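**Q** Fold the following.
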Amino acid sequence: MTISERLDRLPSTRYMVWLIILLFLAWIAEAFDQGTIGPVLADIKPIWHLSTQQVGLLGISATVALVLGLIPSGYLVDRFGRKRLLWLGMLWFSIFTVLAGFSGNFSQLFVFRVIAGFAEGAIFPLPYAYLSELIHPKRRGAGVGWLTGILLASYLIPSLVSVWSIHHFGAASGWRVVFFAGGIPIIFAFAILVWLPESPRWLEQRGHFEKAVEVLHKIEHIVQTQSGSIVTKTEPVKPSPRIRQQPLSFIFKKPLRRRTAMISVAYTGTQIFFYVMMVYGPTILISDGITFAKSVLAIGTLMFCGGLGNVCHGYLSDKFGRRPLIIGYGIIAGLGCVGIALLKNPTIVLVIGVLVGLTGMGIYVIKLYIAEQFPTVVRGRGTAFTEFFGRAIGGVLIVFYMPFFIEGFGTRAVFLLLGAVLLLITVAPVLFWGRETSGESIDAQFDSQVYDSDVITTTLPGI
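**A** Numbering: from 1, shown residues only. Down below sits the predicted model:
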């Protein structure tokens, strides 16, 4: 059996849960850093007398750098490995998040947020790509569902820290404490360095076959000890054909270009919804007469509901498929946004809001669907490009112009816009051009479809 085949047959054990926990540490750091800007903006806007343009610039500060950081990160991930980029990226943005707390004006805060954002470009695509390469094909959805659910629920943490710090330290300095707390994940980076193994699939594709087999045997031994099943084989590992490294343009060639276009557009819709709610949710609610504390907690609760929605999404997508779940979640969230815009009964709007949180924020198992579109040799670049495209539009362009949209059309028009985005940009591409990937080996589906004969080079000798 090849390394891929042996990984695909491993049963779920406590070790797989441990890997999810390690990757969760990376994302709780990312969630905290990204989630700080909404509460901080709502707090410092009246203190620093920020203009509409300055609010927009701070809203996109970390994201625009994240998008730029995604451009080289895909190459770096495929070239230097998943693990190395993950822990170094965490260390980088945690340090500059702390430094942001010392900012004395708009310009300083903007610069520190931009520098921190560059490292986050290495974080976003990695956990999905990593888990898709290690977890059993029939359990990938559940694993990523838990990981994404924890990520979304973690956005409640900066909301709670913001309310607590501003209550105890006052509006003038409470926001600084929020950024200082962003330094705690530095500890998480070293935990990942020590305990997270490199992906054996990546090691083999990079030509480190003996190291890949060594890591595989360690994983098999742990899984066998925990499960009681015999998973360690005495016969040699069969090497897979080694694929030459491909440029980014490879994902725009048949048959990958259709998948790249479909998933990039669909993901953009989810990013528009996510960033508008995360960055401007508190500001929108405050403009409707809700207090700062309640508005921040309301958006945090929306994220928490999204976490629950992602866990359910993961399990259901393993059972019914990725495609129908993405379509179903998108339709419910899209129609729910329209309902919030048109209805005035507070109780009904509250119920719809919970459903929108569960589905609109709970649709992020789509990131696993992204990773499953690309083979190992270009998975880093494929996922990075998708993140780049979606966040450049949803997290930068739309976020920057949203304050002007709110001033011109009002807060209810925002929900009409988000409803149209989810239905037309997220649901439609997956409905008409999406393919099902649930239960398939992460690489076997590409053997005869992607690689021409001249791409496959000589296999490495087995051991």
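
**Q** How about I398, nearest residue that isn't a chain neighbour?
**A** Nearest non-adjacent residue to I398, counting by Cβ to Cβ, 6 or more residues apart in numbering: I272, 5.1 Å away. All C-beta atoms are positioned from the backbone trio N, CA, C, and that covers glycine.

**Q** and G174, what element?
**A** helix 171-181 (DSSP states H and E).

**Q** Restricting the selection to alpha carbons, write the helix or strand E220 falls within to PDB.
**A** According to DSSP H and E, E220 maps onto helix 209-227. Taking Å, rounded to 0.1, in the frame of the first residue of the first chain, the C-alpha atoms of helix 209-227 are listed here in PDB:
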ATOM      1  CA  PHE A 209      10.300   9.300   1.300                       C
ATOM      2  CA  GLU A 210      12.200   7.800   4.200                       C
ATOM      3  CA  LYS A 211      11.100  10.600   6.500                       C
ATOM      4  CA  ALA A 212       7.500  10.200   5.300                       C
ATOM      5  CA  VAL A 213       7.600   6.500   6.100                       C
ATOM      6  CA  GLU A 214       9.100   7.200   9.500                       C
ATOM      7  CA  VAL A 215       6.300   9.700  10.400                       C
ATOM      8  CA  LEU A 216       3.700   7.300   9.000                       C
ATOM      9  CA  HIS A 217       5.000   4.400  11.200                       C
ATOM     10  CA  LYS A 218       4.800   6.700  14.300                       C
ATOM     11  CA  ILE A 219       1.200   7.600  13.500                       C
ATOM     12  CA  GLU A 220       0.300   4.000  12.800                       C
ATOM     13  CA  HIS A 221       1.800   2.800  16.000                       C
ATOM     14  CA  ILE A 222      -0.100   5.400  18.100                       C
ATOM     15  CA  VAL A 223      -3.400   4.700  16.300                       C
ATOM     16  CA  GLN A 224      -2.900   0.900  16.800                       C
ATOM     17  CA  THR A 225      -2.100   1.300  20.500                       C
ATOM     18  CA  GLN A 226      -5.200   3.500  21.000                       C
ATOM     19  CA  SER A 227      -7.700   1.500  18.800                       C
END
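
**Q** Excluding chain neighbours, what is closest to G117?
**A** A65 (3.0 Å).

**Q** ok, then the element right after the helix or strand where A129 lies?
**A** Assigned by DSSP H and E, A129 belongs to helix 126-134. Past helix 126-134, further along toward the C-terminus, the next helix or strand under DSSP H and E is helix 140-154.

**Q** Give me the mean pLDDT for the helix or strand just after that following helix.
**A** Using DSSP H and E, the helix or strand that directly follows helix 140-154 along the chain is helix 156-169. Here helix 156-169 scores 79 as its mean pLDDT.

**Q** Quick check: the residue nearest to I398 vs V399, distance?
**A** 9 Å (Cβ to Cβ, to the nearest Å).

**Q** cool, T411 as well?
**A** Where V399 is concerned, T411 sits at a distance of 16 Å (Cβ to Cβ).

**Q** Of those two, which one has the most company?
**A** For T411 and V399, the more surrounded residue by other Cβ atoms under 10 Å is V399, and the numbers stand at 27 against 16.

**Q** what does the model give that one for pLDDT?
**A** 81.

**Q** Confirm for me that it is in contact with V276.
**A** Yes - at 7.0 Å, V399 counts as touching V276 under the criterion of Cβ atoms under 8 Å.

**Q** looking only at pLDDT, what's the mean for stretch 203-220?
**A** The predicted confidence, averaged over stretch 203-220, sits at 86.

**Q** sorry, back to before: show residues contacting the helix holding A129.
**A** 7, 16, 19-20, 23, 26-27, 77, 82, 85-86, 89, 140, 143-144, 147, 199-202, 219, 367-368, 370-372, 376, 379-380, 383, 442 (Cβ atoms under 8 Å, 6 or more residues apart in numbering).

**Q** go on, stretch 65-81?
**A** 85, 89, 113-122, 124-126, 129, 198-199, 202-203, 206, 245, 248, 377-385, 387-388, 391-392, 395-396.

**Q** In it, which residues are buried?
**A** 65-70, 73-78, 81 (16 or more other Cβ atoms under 10 Å).

**Q** give me the low-pLDDT residue ranges for the stretch 301-450 of the chain?
**A** 441-450 (pLDDT under 70).

**Q** Now do the helices in it.
**A** Using DSSP state H, counting those that start in this stretch, the helices of the stretch 301-450 of the chain run over residues 322-342, 346-360, 366-371, 376-391, 398-409, 411-421, 428-433.

**Q** Could I get the phi/psi values of G104?
**A** phi -110, psi -10 (degrees, to the nearest 10).

**Q** Use 46 as the first number for this chain going forward.
**A** Okay, using 46 as the starting number, the last item reads as G149.

**Q** With only the CA atoms kept, save stretch 376-394 in PDB.
**A** Below are the C-alpha coordinates for stretch 376-394, written out as PDB (Å, rounded to 0.1, in the frame of the first residue of the first chain):
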ATOM      1  CA  ILE A 376     -30.300  29.000   1.000                       C
ATOM      2  CA  ILE A 377     -31.400  29.100   4.700                       C
ATOM      3  CA  ALA A 378     -28.900  31.900   5.600                       C
ATOM      4  CA  GLY A 379     -29.700  33.900   2.400                       C
ATOM      5  CA  LEU A 380     -33.500  33.800   2.900                       C
ATOM      6  CA  GLY A 381     -32.900  34.600   6.600                       C
ATOM      7  CA  CYS A 382     -31.000  37.800   5.800                       C
ATOM      8  CA  VAL A 383     -33.900  38.900   3.600                       C
ATOM      9  CA  GLY A 384     -36.300  38.200   6.400                       C
ATOM     10  CA  ILE A 385     -34.300  40.300   8.900                       C
ATOM     11  CA  ALA A 386     -34.300  43.200   6.400                       C
ATOM     12  CA  LEU A 387     -38.100  43.100   5.800                       C
ATOM     13  CA  LEU A 388     -39.600  41.900   9.100                       C
ATOM     14  CA  LYS A 389     -40.000  44.200  12.200                       C
ATOM     15  CA  ASN A 390     -41.300  41.800  14.900                       C
ATOM     16  CA  PRO A 391     -38.300  41.600  17.400                       C
ATOM     17  CA  THR A 392     -39.100  38.000  18.400                       C
ATOM     18  CA  ILE A 393     -39.300  36.700  14.800                       C
ATOM     19  CA  VAL A 394     -36.100  38.600  13.900                       C
END
